[in-house]
Structures are given as C-alpha cells and as structure tokens.
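1. next comes the sequence, and after it the predicted model I'd like to discuss.
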Amino acid sequence: MNVHRHFAQSYTQARDKFVAAAGARSADLFRHVHPALHGVEGEDLSIDLALLGKPDAASLLLLTSGTHGVEGFCGSGCQTALLREDPFLRAIGHSDIAVLMLHALNPYGFSHLRRVNEDNIDLNRNFVDFGKPLPVNSAYAEIHSLLLPATWPPTTESEARLDAWVAQHGRAAYQAAVSIGQYAFHDGMFYGGSRPTWSNRTLRSVLREHVAGRRRLAWIDFHTGLGPRGHGEKIYAGLENAGDIARTKAVWGREVTSVFDGSSSSARIGGNIGGAARDECPDTEFCGIALEYGTHDIEQVLEALRVEHWFANHPEASRAHYKEMKRKFRDAFYVDDDDWKETVYTQALAACLQAVEHLSRATAHA
Ligand SMILES: [Zn+2]
C-alpha cells in the first residue's frame, strides 16, 4: 500500500482525509466542534469520531490521535491508512468487535502546530482529580525561569545556570523535571491545568457514550517525539493497577514498557488520558498503550519545545524567523519522510491486529 498519501501537511487536510476514508467505509461519523476557537486557516476545529464494526459489540478497539496537537500528523496518518486497509477491516468484520477512531483530541494544537492545547495545557497531564491536592514538581520550579528566560535566545549566563543544574542532577532528572507535568506555572511547559479542558470533557462524554457498557476496551493513543527514529515504543497508558498492566502485556507482549517500573523512555508522568477509562467505564476491562514513535534526538526535541513555548509566551517578539521555527517544531514531532511513515504505519497495523486478536480470543472464551 502507498502509505504516505494518507499522511497530511495540515490539520484541515488530515481531517479531510480521515473523514473521506471513514465515509468510504460507511462508518458512523460524529463531530464535536470547538465552541469558541478556530484553526490557523480560520477553519472550524473539531474532534471527529468514526465508528466501525458491530455497534453493539462486546469489545471495542479505541484509536486516538492528536492528544498532543502537533503529534496528530502521525496518528491521523495511521488512522486514515487503517481505514484504507482491507485486511484490517476484514478482521473487524469477522469479529464481535467495534472500532472507534477519535481524530484530533487536541485540534487547536494540531492546527496551530502546538503540543499543548488552546489553554497552554498538556492534555496528557490534565486527567488528574482536581478535587484533590495537585502533584508538586519542585524540580520544574527550580528551572522554569531558565527554560523560559526573559529573552530569547537565552543569555550565556542563563544557559550556564541551566547547564549547571543538569550537571548536578543528571540528564534523566532534567527530562523528568521538564516532562512529568506541573500545575504551578500556567505559562510553563507541560502544564496540567487547573480544571478539565474541553478536550478532556469531550473525551469523557465519548467514553460514556461509546465504551461504557461494553465488556472490553483496548486503547491505542498515538504519540511522537520520544525514542529512536521510527521505533514505536508501547508504553502502558493506564493507572497504576497490576491487573490492567498484566492484561496490557498479555495483549502487546513483554516489550510493553511502563513508567511505573522505570522501563519506559518516558518519565513517570501523571494525569494521562488513559485514566479517564477507569472513571467513565469502570466495569469495562481495560488494556491500553501509548504508541510512542521516535523522531529525533531527545535534546533536539526538548530544545524545539523550549523555543516554541517561548514564542507562544511572547507574541510581542519579532516574527522574523517564526515560520521557520514553527516548521522545525513540527518536524521535531513528524518526520516527513516516506520511510518513516511506512515503518510507523507497519507497527500501528501490527499493534491493532494484536489487539483485535486478543479481543476476539477473549470474546470466544467469555
Ligand atoms: Zn505525546
């Protein structure tokens, strides 16, 4: 299959390809339009859903893209290619499984080429219980003003202080400090928010409407930016629950990594979207992964995040190199090469077929 034609160059194009492919399969389509904001081309922003297979199936495979806005180029391409994949759709047709594809959970970030959403919130840190005390990230507080200094490029002195912090604590501690999420700096990086976002509330309503009441859920959330180029790391993406972790490993194999035992290249993040399944469909058996594809070196990705974030916080700054910076930012999360798209999609298809096989077997034994 000519895979790369299913990958897009903009949010609008990605959405059009997805909706067209879903329509060609006579999928049930649902659309949740953002109530207030528009995209970079003035377009409506929406979370789109395509439901395939038997509507009342006991098991559901959920595929989500664009949790981190700009990372949606990858997930959307995989979703659209899957919708054009006859063997995959045949496997669904022969089973008691429904497939729900959720396109662009964070359409604002997808369109405007941001990892965060319209409120500067990292959606994958936003699924915490805001009724309880929020996690404290004191390491981030130490380096916030060095990561995002008053001027850009940073002064030599500011960078030297950041380098000294990294030298003292180590690179892993630095990656963790930046990326585990923080709830104290609303203009900071990897900010988890102070309340559930529109995307959070919409996802929860989708889970209640389409997942609650089913026996089993297998969930793949597509991400990019961590790990070796083109390699898809399967990171367990639920709560710290031994049964759910064991089930997820039974589906996708022992290569499944977890932030709870230190086996993942991701730091121990809190508030990921998988936690919503426990809240909204507590009686549904859960297994789920973030399929995290490597793009570029972690240092390069972190630097791209810093500079893009700085410009978002400083609309008054010169826009002379803004377009170039945004292009580099997109490229940090989307390798626009055919070989990358092919390897990414091959792994996505394999992971989906693994999930379908597991759900079919579980249904047969029920
Ligand atoms: Zn991500």
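-> All right, it came through fine.

2. who are the neighbours in contact with the residue nearest the centre of the chain?
-> Centroid-nearest residue in the chain, with Cα atoms, centre = their mean: T67, separated by 3.7 Å. Residues in contact with T67 (Cβ atoms under 8 Å, 6 or more residues apart in numbering) are 105-106, 123-124, 221-223, 273. Every residue, glycine included, has its C-beta placed from N, CA and C.

3. can you tell me the SS state at it?
-> Under DSSP: H, G, I helix; E, B strand; the rest coil, T67 falls in the coil class.

4. tell me how far it lies from I92.
-> 23 Å (Cβ to Cβ, to the nearest Å).

5. now A355
-> Note on A355: its distance to I92, by Cβ to Cβ, is 11 Å.

6. the two - which one has more neighbours?
-> Between A355 and I92, counted using other Cβ atoms under 10 Å, the more crowded position is A355 (26 against 23).

7. need the phi and psi values for the more buried one.
-> Backbone torsions for A355, taken as degrees, to the nearest 10, come to phi -70, psi -40.

8. mind checking pLDDT for the closest residue to R195 other than its chain neighbours?
-> Counting by Cβ to Cβ, 6 or more residues apart in numbering, the nearest residue to R195 once its immediate chain neighbours are dropped is F130, at 5.6 Å. We have a pLDDT of 95 for F130.

9. one more: the one 5 residues further on?
-> With respect to pLDDT, P135 has a value of 94.

10. leaving out chain neighbours, which residue sits closest to it?
-> The shortest distance from P135 to any non-neighbouring residue, by Cβ to Cβ, 6+ apart, is to G270 (5.3 Å).

11. helices along this structure, start to end?
-> 11-24, 72-83, 86-93, 107-111, 138-147, 156-169, 171-179, 198-210, 242-252, 275-280, 298-313, 322-333, 338-365 (DSSP state H).

12. same for the last one, what does it pack against?
-> Right, helix 338-365. strand 59-64, helix 72-83, helix 86-93, strand 97-103, strand 216-229, strand 232-236, helix 242-252, strand 285-294 (3 or more Cβ pairs under 8 Å, 6 or more residues apart in numbering; DSSP states H and E).

13. make JSON lines from those and add distance to the ion and mean pLDDT to it.
-> Shown next, in JSON lines, are those (distance: least, Cβ to the ion, whole Å; pLDDT from 0 to 100):
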{"stretch": "strand 59-64", "distance to the ion": "11", "mean pLDDT": "98"}
{"stretch": "helix 72-83", "distance to the ion": "9", "mean pLDDT": "98"}
{"stretch": "helix 86-93", "distance to the ion": "24", "mean pLDDT": "92"}
{"stretch": "strand 97-103", "distance to the ion": "15", "mean pLDDT": "98"}
{"stretch": "strand 216-229", "distance to the ion": "3", "mean pLDDT": "97"}
{"stretch": "strand 232-236", "distance to the ion": "10", "mean pLDDT": "97"}
{"stretch": "helix 242-252", "distance to the ion": "18", "mean pLDDT": "96"}
{"stretch": "strand 285-294", "distance to the ion": "7", "mean pLDDT": "97"}
